[in-house]
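# please work out how this folds:
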Amino acid sequence: MHKAGFVNIVGNPNVGKSTLMNVLVGERISIATFKAQTTRHRIMGIYNTDEMQIVFSDTPGVLKPNYKLQESMLNFSTSALTDADILLYVTDVVETPDKNNEFMEKVRQMTVPVLLLINKIDLTDQEKLVKLVEEWKELLPQAEIIPISATSKFNVDYVMKRIKELLPDSPPYFGKEQWTDKPARFFVNEIIREKILLYYDKEIPYSVEVVVEEFKEEPKKIHIRAVINVERDSQKGIIIGKQGKALKKVATEARRELERFFGKTIFLETYVKVDKDWRSSDKELRNFGYQLD
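Predicted coordinates:
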């Protein structure tokens, strides 16, 4: 009998959801950087064997929305509760269990198996961990609590074992050769955005959206033209930098990463464009692929 199901990963920002997803799927699918709120969409990573298909879904961190873009991000996270066969709720040793009561209430009402993963256990001691486990047990009595460290891969094999045991019998949802539901262009956007997150400070990265205007693939090379949209002229100046140095650095780093990702020679052109207040515009957010209703 074949097993298949949707395993959705939720939790507050910066607890290590994307790192965990990459370890579970074995592909570098979600951006894992040190800044919170880096995942803006729901990204699926598909794990295939002959007997099973696990469709992992990484979601944006749960947060109180301050503008339209964040509302869309919260929609992605909430929708992950409705179609999960197994829910992985990721927390860490730093955050307190009462951090997001509203969302937690929804998790409490779920009837599917919930694995509560306490990440980053290398940052605490046994005594504090035991206390934390007790607190979570009280809050989510139906959940199975598993302490893990995604970066050092501690206990991740056990999590995978439990997922395989809990997976329902079902035919596969996707083709067996597929490892994500996203097109190639999506990963170009994410990789360029990741470099911007790493190189620019403060709120710049959160005001940026990347659009791939051209993606021409040949047997050994890919030509890509990407536009970096910002909200204000001043941000455009910062992205480009003095004599274009900042943009050049981002483009070079992104090109290297893309060559690793696609295994081909990449020709990358990048441009910067001002798209005023795109984060608050329904039309622009829809154009950029966000889910608003």
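# drop to CA atoms for contacts and neighbour counts, all remaining ones
Noted.
# find the helix or strand that E95 is a member of.
Element membership for E95 (DSSP states H and E) is empty, with no helix or strand holding it.
# count of residues packed around it?
E95 is flanked by 12 other residues according to other Cα atoms under 10 Å.
# ok, now D125?
D125 has 10 nearby residues by other Cα under 10 Å.
# and G45, by the same measure?
G45: 26 neighbours (other Cα under 10 Å).
# and K106, by the same measure?
Neighbour tally, K106, other Cα under 10 Å: 12.
# got the phi and psi for the closest residue to V210 other than its chain neighbours?
Computed as Cα to Cα, 6 or more residues apart in numbering, the closest residue to V210 that is not its neighbour in sequence is I228, at 4.6 Å. Note on I228: its backbone torsions stand at phi -100, psi 110 [degrees, to the nearest 10].
# ok, now V130?
phi -60, psi -40.
# pLDDT value on it, please?
With respect to pLDDT, V130 scores 94.
# wait, isn't the residue nearest to V210 in contact with E209?
Yes - with contact defined as Cα atoms under 8 Å, I228 reaches E209; the gap is 6.0 Å.
# show me the shaky parts of the stretch 51-200 of the chain.
59-81, 181-182 (pLDDT under 70).
# show me where it has helices.
68-82, 101-108, 126-139, 156-166, 184-199 (DSSP state H, counting those that start in this stretch).
# just how off-centre is the last one within its chain?
So the one you mean is helix 184-199. Relative to the centre of its chain, helix 184-199 is centred 12 Å away, using Cα atoms, centre = their mean, to the nearest Å.
# quick one, what contacts K216?
222-224 (Cα atoms under 8 Å, 6 or more residues apart in numbering).
# how far away is it from I222?
Distance check for K216 against I222: by Cα to Cα, to the nearest Å, it reads 6 Å.
# what of I163?
I163 is 37 Å from I222, by Cα to Cα.
# do the same with L166
41 Å.
# same check on S234?
When S234 is compared with I222 (using Cα to Cα), they lie 32 Å apart.
# between these two, which has more neighbouring residues?
Neighbours were counted for S234 and for I222 using other Cα under 10 Å; I222 has more, 20 against 10.
# can you name the next helix or strand after the longest helix seen in the chain?
The helix that spans the most residues within the chain, counting by DSSP state H, is helix 245-262. Counting by DSSP H and E, the next helix or strand C-terminal to helix 245-262 is strand 265-274.
# tell me the mean pLDDT for that following strand?
Here the average pLDDT along strand 265-274 is 94.
# what's next to it, contact-wise?
By Cα under 8 Å, 6+ apart, strand 265-274 touches 220-233, 236, 239-240, 247, 251, 255, 258-259.
# so which bits of that strand are buried?
265-266, 268, 270-274 (16 or more other Cα atoms under 10 Å).
# okay if I get the residues you listed as JSON lines plus distance to E138?
Shown next, in JSON lines, are these (distance: Cα to Cα, whole Å):
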{"residue": "T265", "distance to E138": "53"}
{"residue": "I266", "distance to E138": "52"}
{"residue": "L268", "distance to E138": "52"}
{"residue": "T270", "distance to E138": "51"}
{"residue": "Y271", "distance to E138": "52"}
{"residue": "V272", "distance to E138": "50"}
{"residue": "K273", "distance to E138": "50"}
{"residue": "V274", "distance to E138": "49"}
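# number of residues surrounding F103?
18.
# as a quick check, tell me the outermost residue of this structure.
Ranked by distance from the centre of the chain (Cα atoms, centre = their mean), the top residue is Q243, with 33.2 Å.
# in three-state terms, label it for me.
Classification of Q243 using DSSP: H, G, I helix; E, B strand; the rest coil returns helix.
# do you know the pLDDT at it?
Q243 is given a pLDDT of 93.
# same deal with the one 4 residues further on?
At L247, the predicted lDDT confidence score is 93.
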